[in-house]
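K.L.:
sequence first, predicted coordinates after that:
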Amino acid sequence: MTELRTSRPAPEADQISGHSVLVKTGSGLAVLPRRRRDGVSARLHADALDSRLAAGEPPENGRLLAVRAAQITSPTARRRLARSWDDVVARSRRAQLPGDPHVPVARSQVDEAFPEIQVVAGILRARRPVSARGVALAGALLTTPTSPVYRRRSATGELADALTRAAQEM
């Protein structure tokens with residue numbers, strides 16, 4: 001007997017494969033197909049969307065927000081973010097050479113927050129679901145120029161506190 005093929009997979013298969021997003025509508029939540037242009041647009045607006053997610057806005061508040069949440073919580077993105085935290089620790093432990101293109105890190109902040117960095121990196125590498133808010137918070141610490149990762153005059157424990165909050169949100 002031959003199998004009937006359709007151009008659209010069953011909704012269950014669509015949801016499992018990650019080709020849909022959950023979005024709030026006027027009548028509740030709806031599962032919408034994830035369009036290719038949504039991914040491109042979410043990457044173009046990553047800074048603004050990540051800021052909204054870090055501030056606690058639910059991903060289901062909009063299609064692009066939901067797509068961006070899926071992007072940053074994907075296993076690949078999480079491993080990349082964990083490696084970035086590893087890199088910050090490594091950079092804090094070596095002298096910055098002339099011509100090094102990396103922004104200098106606040107060694108005292110990073111050294112003091114080392115246990116919290118390990119916790120965050122461990123959560124990012126774990127094979128369990130995480131919240132987009134926690135991942136966005138952890139990412140913002142690396143991409144915001146005024147982050148305690150880069151400010152030498154940050155209050156003692158500021159980076160450790162921020163990482164603890166990100167870990168709790170994950």
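P.N.:
Thanks, I have it.
K.L.:
the bottom helix or strand of this structure by mean pLDDT?
P.N.:
Ranked by mean pLDDT, DSSP states H and E, the helix or strand of the chain with the weakest confidence is helix 11-16, at a mean of 35.
K.L.:
can you give me the helices in the chain?
P.N.:
Along the chain, counting by DSSP state H, helices occupy 11-16, 36-44, 46-54, 63-72, 75-92, 107-112, 114-125, 132-143, 158-169.
K.L.:
now render the ones you listed as CSV, adding mean neighbour count and distance to Tyr150.
P.N.:
C-betas here are computed from N, CA, C, even on glycine. Formatted as CSV, those follow (neighbours: other Cβ atoms under 10 Å; distance: least, Cβ to Cβ, whole Å):
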stretch, mean neighbour count, distance to Tyr150
helix 11-16, 12, 40
helix 36-44, 14, 24
helix 46-54, 19, 17
helix 63-72, 23, 21
helix 75-92, 16, 10
helix 107-112, 18, 9
helix 114-125, 18, 14
helix 132-143, 22, 9
helix 158-169, 19, 10
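K.L.:
in CSV, list those along with distance to Asp100.
P.N.:
Shown next, in CSV, are those (distance: least, Cβ to Cβ, whole Å):
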stretch, distance to Asp100
helix 11-16, 45
helix 36-44, 28
helix 46-54, 25
helix 63-72, 27
helix 75-92, 9
helix 107-112, 14
helix 114-125, 20
helix 132-143, 17
helix 158-169, 21
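K.L.:
perfect, I'm done here.
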